[in-house]
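Novice: Need the 3D shape of this:
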Amino acid sequence: MFTTGVLIATGSFAYNIIWVCGLLVIATAMGNLSGYWFGRKTGPLLYKRKDSRFFRQQHLQTAGRFYHQYGALALAAGLFLP
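Specialist: Residues are numbered from 1 along each chain as shown. Have a look, this model is predicted:
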């Protein structure tokens, strides 16, 4: 986004800032929806997966407890804080 803004401001990019912002909003919404869809399809499979070198059921349960306790705040902060 920063690079696109700089290119539009310097005149190197021949598109209107309104169109670019609109496309960025659409891209953001589509990215959010695709992430939700992916999580919805693959999430239940994690509960059936056995422990391995990179995956532990204990970590999944710990994350579940965390989101049950701080869910709304954690999700809202996760959107705005890297």
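Novice: and the longest helix along the chain, what does it pack onto?
Specialist: Assignment by DSSP state H gives helix 17-48 as the longest helix of the chain. Contact partners of helix 17-48 among helices and strands, from 3 or more C-beta pairs under 8 Å, 6 or more residues apart in numbering; DSSP states H and E: helix 2-10, helix 57-80. Quick note: C-beta positions are derived from backbone N, CA and C, even for glycine.
Novice: Going by neighbour count, which residues of that helix are buried?
Specialist: Val20 (16 or more other C-beta atoms under 10 Å).
Novice: where's it relative to the chain centroid, distance-wise?
Specialist: 7 Å (C-alpha atoms, centre = their mean, to the nearest Å).
Novice: begin at 482 from here
Specialist: Got it, first residue is 482 now, which makes that one helix 498-529.
Novice: Helix 498-529 and the helix or strand bottoming out on mean pLDDT in the chain, what's the angle between them?
Specialist: In the chain, the helix or strand scored least confidently by mean pLDDT, DSSP states H and E is helix 483-491, which has a mean of 84. If you take axes from the mean of the first three to the mean of the last three C-alpha atoms, to 10 degrees, helix 483-491 sits at 180 degrees to helix 498-529.
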